[in-house]
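S.K.: Predicted model, plus sequence, below.
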Amino acid sequence: MTFRRFRRRPRILALLAFRNELRFLPDYFESIAPLVDGIIALDDGSTDGSTEFVSQRKEVLELIHLPPSVPHVWNDALNHRRLVEASWRHNPDWLIGVDADERLESGFRARAEAEIVRAKREGHRAYRVQVREIWDDPLQFRADGVWGQKSSARLFEARLDHEFHMQQFHCYWAPLNSMEDGDFPHADLMLYHLRMLREEDRQLRRLRYETLDPNRESQAMGYGYLTDPTGLRREWLAPGREYVPVREY
C-alpha cells in the first residue's frame, strides 16, 4: 500500500532524529528546510536547548519528544520507526532521513524530483544517495578507499507496509521491502556529513561507537578506520553541488 500517487510536484518530507545538537541545528534548518515540504523531528532526550529550538521552527510538522534518561540508550532503528510512522499523518510521497550534522547539496530538490520521475518510470521505490565525509576543510571530502564509495539508503517512497530494518545502529532508513536484488539503486544525489570535519570530532565519534558497539555487532569492520589517516586523499566538492551554509563547526 502506498500514499496518493503524485500528479504534480511530489511531497518530500525530511526525517530528523536529534539529541543535544544545538551546535548543528540552526544551520540544519537554514540548509534543509528550503529543500523539502516539511520536517518530522524526534528529540531523543535533549538537555542543551535543542528541544526548545526545534519546537519553534515553523517547518516542523510534528515533534516527537522522548524524555531524558540516565543512562541514555541509543536506538536508531526504533527512532527511525517512530519518525516514519509519524510522517504518515502528513501525507508524504517520498521521505528522506537527514541528521542534524548532515547537509544536502543545494540543488537537491530539482535533482530529487528528477530521480523520483526515474523511479516511477523504472519501478524503483528507494534510493541510495552518495555520502561525502567533510574532512579538515568545509569544502573538501575524504575520497580515498572506502571513503570515496560511501552511500546510504536515505530517499524512499512512503509506504504503509514499510518493512523496518531493526538493527540498533547503522540501520537502513529505507524499507527492506523496497530493495531490489538485495540492495537499493543509486541516485545522483549528494549528502554531506560534517562531524568528520574536525580531528577531535573524529576521535569522539570513534570512541562513541566503540563504546556502543564493542563487539562490532552492527559493523563488522569496527571503527578504527574513522581516525586512520593512512592513504588520506581529499577532494574539493564538485562545483555547483556544494551545501549551504558553509562554516567551520
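M.R.: Yep, it's here.
S.K.: which helices and strands sit right next to the top strand by length along the chain?
M.R.: Determined from DSSP state E, the single longest strand within the chain is strand 126-135. Contact partners of strand 126-135 among helices and strands, from 3 or more CB pairs under 8 Å, 6 or more residues apart in numbering; DSSP states H and E: strand 137-142, strand 151-157, strand 186-193. C-beta: built from backbone N, CA, C; applies to glycine.
S.K.: Same question for residue 146, what's its three-state structure.
M.R.: Secondary structure, DSSP: H, G, I helix; E, B strand; the rest coil: residue 146 is helix.
S.K.: ah, wrong one, I meant residue 63
M.R.: strand.
S.K.: follow-up on the earlier one: dump the helices and strands packed on strand 126-135 to JSON lines, plus mean neighbour count, mean pLDDT and distance to residue 88.
M.R.: Shown next, in JSON lines, are the helices and strands packed on strand 126-135 (neighbours: other CB atoms under 10 Å; pLDDT from 0 to 100; distance: least, CB to CB, whole Å):
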{"stretch": "strand 137-142", "mean neighbour count": "18", "mean pLDDT": "97", "distance to residue 88": "34"}
{"stretch": "strand 151-157", "mean neighbour count": "23", "mean pLDDT": "98", "distance to residue 88": "12"}
{"stretch": "strand 186-193", "mean neighbour count": "20", "mean pLDDT": "98", "distance to residue 88": "23"}
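S.K.: Could you point out which of those strands sits nearest residue 62?
M.R.: Using CB to CB as the measure, strand 151-157 is the one of these that comes nearest residue 62, at 18.4 Å.
S.K.: what's the distance between residue 215 and residue 207?
M.R.: Residue 215 sits 16 Å away from residue 207, going by CB to CB, to the nearest Å.
S.K.: returning to what we had before: let me know which of the helices and strands packed on strand 126-135 is the nearest to residue 65.
M.R.: Residue 65 sits nearest to strand 151-157 of all those, at 23.6 Å, using CB to CB.
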